[in-house]
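**Q** Show me how the following folds:
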Amino acid sequence: MNIAFFLLPKKDVVTVTLDSTLRQTLERMEYHRYTAVPIIGKDGVYVGTVTEGDLLWYMKNSGGKVTFENASKFLLKDVPLKMNNRPVSIDAAMEGLINLAKVQNFVPVVDDMGRFIGIVRRSQIIEYCERFVTRDVSVPKN
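**A** Next comes the predicted model:
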């Protein structure tokens with residue numbers, strides 16, 4: 001089993017760039033009902049993950065400077081990221097993926113140049129494991 005088995009390719013992943021505005025980021029997250037999305041650099045490299053909390057804390061700590069009304073004037077590159085969603089290489093062992101999935105809702109997957117190629121959702125790993133657990137559990141007969 002390798003990581004590619006679980007990979008949701010980048011074409012199917014909602015992402016933002018550092019040049020996205022706060023408003024664009026918020027609207028994209030709201031539309032897709034996500035609480036976090038990967039940030040991709042211009043060169044396709046995985047930069048980090050932005051969360052709703054990052055955006056809300058940035059707005060709260062701006063002293064009223066950043067509001068929902070003017071969020072289109074501020075760029076994502078100025079928002080400090082609190083979460084460090086570490087990526088995994090497509091060639092990494094499954095252990096590395098599982099260890100990251102224990103603490104991240106999704107694990108970004110990168111190639112050997114650090115370019116973003118997709119994500120693995122924690123729910124996919126759990127669903128895969130569930131098949132083995134439910135298959136091995138026998139229901140006692142009364």
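**Q** Which parts of this structure are strands?
**A** Secondary structure of the chain (DSSP state E): strands at 8-9, 16-17, 36-40, 46-51, 88-89, 106-110, 116-121.
**Q** List the pairing partners of the first one within its sheet, with orientation.
**A** Okay, so that is strand 8-9. Strand pairing for strand 8-9, determined by DSSP bridges: strand 116-121 (antiparallel).
**Q** Could you export the strand it pairs with as PDB, CA atoms only?
**A** Taking Å, rounded to 0.1, in the frame of the first residue of the first chain, the C-alpha atoms of strand 116-121 are listed here in PDB:
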ATOM      1  CA  PHE A 116       1.800  20.200  -4.100                       C
ATOM      2  CA  ILE A 117       0.200  17.200  -5.800                       C
ATOM      3  CA  GLY A 118      -2.800  16.700  -3.600                       C
ATOM      4  CA  ILE A 119      -4.000  15.700  -0.200                       C
ATOM      5  CA  VAL A 120      -5.000  12.700   1.800                       C
ATOM      6  CA  ARG A 121      -8.000  13.200   4.100                       C
END
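**Q** So for stretch 76-85, mean pLDDT?
**A** Across stretch 76-85, pLDDT averages out at 93.
**Q** which residues touch that stretch?
**A** 16-22, 25, 36, 38-39, 48-51, 53-55, 57-58, 104, 106-108 (Cβ atoms under 8 Å, 6 or more residues apart in numbering). Quick note: C-beta positions are derived from backbone N, CA and C, even for glycine.
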